[in-house]
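Novice: Model the structure of this input:
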Amino acid sequence: MNLDFNKNEDKMKLLISQMEQRLQKIYLGGGKSRIDKLHEQGKMSARERIDFLLDKNTPRFEMGAFAGYEMYPEHGGCPGGGVVIVIGYVSGKQCIVVANDATVKAGAWFPITGKKNLRAQEIAMENKLPIIYLVDSAGVYLPMQDEIFPDKEHFGRIFRNNAIMSSMGILQVAAVMGSCVAGGAYLPIMSDEAMIVDKTGSIFLAGSYLVKAAIGENIDNETLGGATTHCEVSGVTDYKCKDDTDCLTRIRNIMSKVGDYEKAGFNRETPALPKKDQKEIYGIVPDTRDKQFDMRDIIERLVDNSSFEEYKELYGQSIICAYARIDGWAVGIVANQRKVVKSKKGEMQFGGVIYSDSADKAARFIMNCNQKKIPLVFLQDATGFMVGSRSEHGGIIKDGAKLVNAMSNSVVPKFTIIIGNSYGAANYAMCGKAYDPRLIVGWPTAQVAVMGGAQAAKVLVQIEVASLKGKGEEITPEKETELFNKIKDRYDSQTTPYYAASRLWLDAIIDPLDTRKVISMGIEMANHSPITKQYNVGVLQT
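Specialist: Predicted coordinates for the structure are as follows:
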């Protein structure tokens, strides 16, 4: 191993350590004292409930752990978005589990909570994945009601999705394990089966205080909407459970009897580990963004037997297209190449930039994968499309549009891994969040923005200086440098993977060594949902 490898490895391990430290804090939700209070009430925490529910020693993927990260400081924060969402296995069936975290503002819904819940339902609908709700929530967070209540992508969309999933035949199981109030009371009852924990679970449209204020009736919450009421009087819930353990065991029993599903039929052979050491990924990704590396070295450490077949290897070399297997699943890989390569014409092609020939190649490869029913994996590390008169005159916009068109209309599932840069139109063409990847995750080295901080600052400083000069003001070099640094610092803070993950532009930030697991679990869940649409790219200029 050379010195550069060691530097790269040290930097990656430091970034992973920082990520894990932040996650450990997020895992505490509202804090240890609030978890202890739940225990005193005879309740498990959201994470303890999920741990008990999921099959032991099976893979799992937590979606949106960084949701709400460093957001809402004026409201005391919202760790994890106030809800824990995990894709895992219950009685051998792959499911998505949604558990309100009652230690965070009593499980109340912030705007990011709504967005995260809707993402979970989107995953369930796209993949026909059973969804289990572990309900323990005080409902909408009233100080921010205008940002979570009335709009299309707000709280009400949850119940609309409950109805749509029911019509699609997607199994929904709900367990009321704490508060379930107001509009939130519809969620468990719009599920296929609902259970409630005695003494700690409650369901009502309005609690005892509001009932007293509204109609003058004196009644306690347990009589109003406790387990006995809803299992023996109203018939709203289907099962009465004595405690959290009994409730979660009942869900496992229900899932153990669920029949198999119609499969999409994605090709899978016996899985094999890469022959090359996966841990070497740590030393391959450069410690700074101005250095090159060969994306093939990464691919060899992600795919089975370190083996792949490269499509048009000598053409359009700033994008690598290859057929391979990941954990046995056949995949088509579309990967940006940061290594500077020499084109057939003898011209140097800059690393991490998409050229016309590369866009054309990738578009054709994506069409081939759709023709063969092969899931697509995008490995992003690109600063954008090539600019300048030569590229513009050569039709870079047309070729870029061709790639976006082919990718947007894909009917096979798409999975996106942001390894490094994800800037501008490259984010779009390489299947960014706006293009419906089934899962999109970033390594700790990921950056998502219109452009890099330095480039953005240079552009914005030029505009600012021109504006000030137009007003007759003179800008000294020192003032210009100060302005540049101020803009760059602000811009850089918005390009981190944490900024992206907090707003759910990414489903997760992951250790690179978890990449194979995430892709494999993703294709497995996509295999629940047969492809019903024909691949058609519409108007595609040639």
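Novice: which residues in the stretch 201-350 of the chain form helices?
Specialist: With DSSP state H, counting those that start in this stretch as the criterion, the stretch 201-350 of the chain has helices at 208-215, 221-225, 227-228, 244-256, 281-284, 295-299.
Novice: which other residues reach the helix ranked longest in the chain?
Specialist: If you go by DSSP state H, the chain has its longest helix at helix 3-27. Residues outside helix 3-27 that contact it (CB atoms under 8 Å, 6 or more residues apart in numbering) are 47, 65-66, 69, 79-80, 281-287, 291, 444-445, 498, 509, 511-512. Where C-beta positions appear, they are placed from N, C-alpha and C, glycine not excepted.
Novice: Report the contact partners of residue 411.
Specialist: With CB under 8 Å, 6+ apart, residue 411 has these contacts: 370, 531, 533-535.
Novice: Same check on residue 366?
Specialist: Going by CB under 8 Å, 6+ apart, residue 366 touches 332, 334, 376, 403, 406-407, 410.
Novice: If we use 7 Å, what do you get?
Specialist: 334, 376, 406-407, 410 (CB atoms under 7 Å, 6 or more residues apart in numbering).
Novice: Cross the residues you listed against helices and list the overlap.
Specialist: 406-407.
Novice: Just give me the closest of the contacts of residue 366 to residue 169.
Specialist: Of all the contacts of residue 366, residue 169 sits closest to residue 410, with 24.1 Å by CB to CB.
Novice: Tell me the predicted confidence for the nearest residue to the closest one once chain neighbours are set aside.
Specialist: Using CB to CB, 6 or more residues apart in numbering and skipping the chain neighbours, the partner closest in space to residue 410 is residue 370 (5.6 Å). What the model reports as pLDDT for residue 370 is 97.
Novice: What is the three-state secondary structure of residue 370?
Specialist: helix (DSSP: H, G, I helix; E, B strand; the rest coil).
Novice: Please name the residues that touch residue 359.
Specialist: Residue 359 touches 399-400, 402-403, 429, counting by CB under 7 Å, 6+ apart.
Novice: Please repeat the previous calculation with a cut-off of 10 Å.
Specialist: Neighbouring residues of residue 359 by CB atoms under 10 Å, 6 or more residues apart in numbering: 316, 318-319, 385-386, 395-404, 406, 429.
Novice: Same check on residue 105?
Specialist: Neighbours of residue 105 in contact, by CB under 10 Å, 6+ apart: 30, 72, 75-78, 82, 113, 137-138, 141, 143.
Novice: and residue 505, which of the helices of the stretch 201-350 of the chain is closest to it?
Specialist: helix 295-299 (21.9 Å).
Novice: pLDDT score assigned to the most far-flung residue of the chain relative to its centre?
Specialist: Each residue of the chain has a distance to the centre, and by CA atoms, centre = their mean the biggest one is for residue 472: 48.4 Å. In the prediction, the pLDDT value recorded for residue 472 is 79.
Novice: Ramachandran coordinates for it?
Specialist: Backbone torsions of residue 472, given as degrees, to the nearest 10, read phi 90, psi 10.
Novice: same check, this time on residue 206
Specialist: Torsion angles, degrees, to the nearest 10, at residue 206: phi -150, psi 130.
Novice: pretty sure it contacts residue 184?
Specialist: No: applying CB atoms under 10 Å, one finds residue 206 not in contact with residue 184, separated by 11.9 Å.
Novice: Tell me where the stretch 1-150 of the chain has strands.
Specialist: Remark: strands assigned in the stretch 1-150 of the chain by DSSP state E, counting those that start in this stretch are 61-63, 83-90, 93-100, 131-137.
Novice: Return the most buried member of the ones you listed.
Specialist: strand 131-137 (a mean of 27; mean count of other CB atoms under 10 Å).
Novice: Indicate each strand paired with that strand and its parallel or antiparallel sense.
Specialist: Within its sheet, and counting by DSSP bridges, strand 131-137 is paired with strand 93-100 (parallel), strand 172-181 (parallel).
Novice: which other helices and strands contact the helix or strand just after the last one?
Specialist: What that stands for is strand 172-181. Next along the chain after strand 172-181, taking DSSP states H and E as the criterion, comes helix 186-189. The helices and strands touching helix 186-189, judged by 3 or more CB pairs under 10 Å, 6 or more residues apart in numbering; DSSP states H and E, are strand 131-137, helix 156-168, strand 172-181, strand 193-197, strand 202-204.
Novice: From the contacts of residue 359, which land in helices?
Specialist: 396-404, 406, 429.
Novice: Name the member of these with the most neighbours.
Specialist: Compared across those, residue 429 has the highest neighbour count, 32 neighbours, by other CB atoms under 10 Å.
Novice: Distance of it relative to residue 399?
Specialist: 10 Å (CB to CB, to the nearest Å).
Novice: shared neighbours of those two, anything?
Specialist: Joint contacts of residue 429 and residue 399 (CB under 10 Å, 6+ apart) are 354, 358-359, 362-363, 385.
Novice: Any stretches of the stretch 151-300 of the chain with poor pLDDT?
Specialist: 183 (pLDDT under 70).
Novice: rewinding a little: could you pull up the residues touching the residue nearest to residue 410?
Specialist: With CB under 10 Å, 6+ apart, residue 370 has these contacts: 332, 376, 406-407, 409-412, 531, 534-537.
Novice: at 8 Å what do you get?
Specialist: Here residue 370 is in contact with 410-412, 535 (criterion: CB under 8 Å, 6+ apart).
Novice: rewinding a little: ok, which of the helices and strands packed on helix 186-189 comes nearest residue 236?
Specialist: Using CB to CB, the helices and strands packed on helix 186-189 put strand 202-204 closest to residue 236, at 6.4 Å.
Novice: Output the contacting helices and strands for the closest one.
Specialist: strand 172-181, helix 221-225 (3 or more CB pairs under 8 Å, 6 or more residues apart in numbering; DSSP states H and E).
Novice: Report the backbone C-alpha coordinates of the longest one in CSV.
Specialist: Taking Å, rounded to 0.1, in the frame of the first residue of the first chain, the C-alpha atoms of strand 172-181 are listed here in CSV:
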residue,chain,number,x,y,z
GLN,A,172,-50.8,-2.9,6.1
VAL,A,173,-50.7,-3.9,9.8
ALA,A,174,-51.0,-1.3,12.6
ALA,A,175,-50.3,-1.6,16.3
VAL,A,176,-51.5,1.2,18.6
MET,A,177,-48.8,1.2,21.3
GLY,A,178,-49.4,4.6,22.7
SER,A,179,-51.3,7.8,21.7
CYS,A,180,-53.2,7.8,18.4
VAL,A,181,-55.2,11.0,18.2
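Novice: How far off centre is that strand?
Specialist: 24 Å (CA atoms, centre = their mean, to the nearest Å).
Novice: Then stretch 524-533?
Specialist: 19 Å.
Novice: Give me the buried positions along that stretch.
Specialist: Neighbour counts using 16 or more other CB atoms under 10 Å place 524-529 of stretch 524-533 among the buried residues.
Novice: picking up where we left off before, will you turn the contacts of residue 411 into TSV that also has distance to residue 486 and secondary structure?
Specialist: Formatted as TSV, these follow (distance: CB to CB, whole Å; DSSP: H, G, I helix; E, B strand; the rest coil):
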residue	distance to residue 486	secondary structure
370	46	helix
531	50	coil
533	49	coil
534	52	coil
535	48	coil
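Novice: circling back to that earlier point, will you turn the strands of the stretch 1-150 of the chain into a markdown table that also has mean pLDDT and distance to residue 416?
Specialist: Output for the strands of the stretch 1-150 of the chain, formatted as a markdown table (pLDDT from 0 to 100; distance: least, CB to CB, whole Å):
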| stretch | mean pLDDT | distance to residue 416 |
| --- | --- | --- |
| strand 61-63 | 98 | 14 |
| strand 83-90 | 98 | 16 |
| strand 93-100 | 98 | 19 |
| strand 131-137 | 96 | 22 |
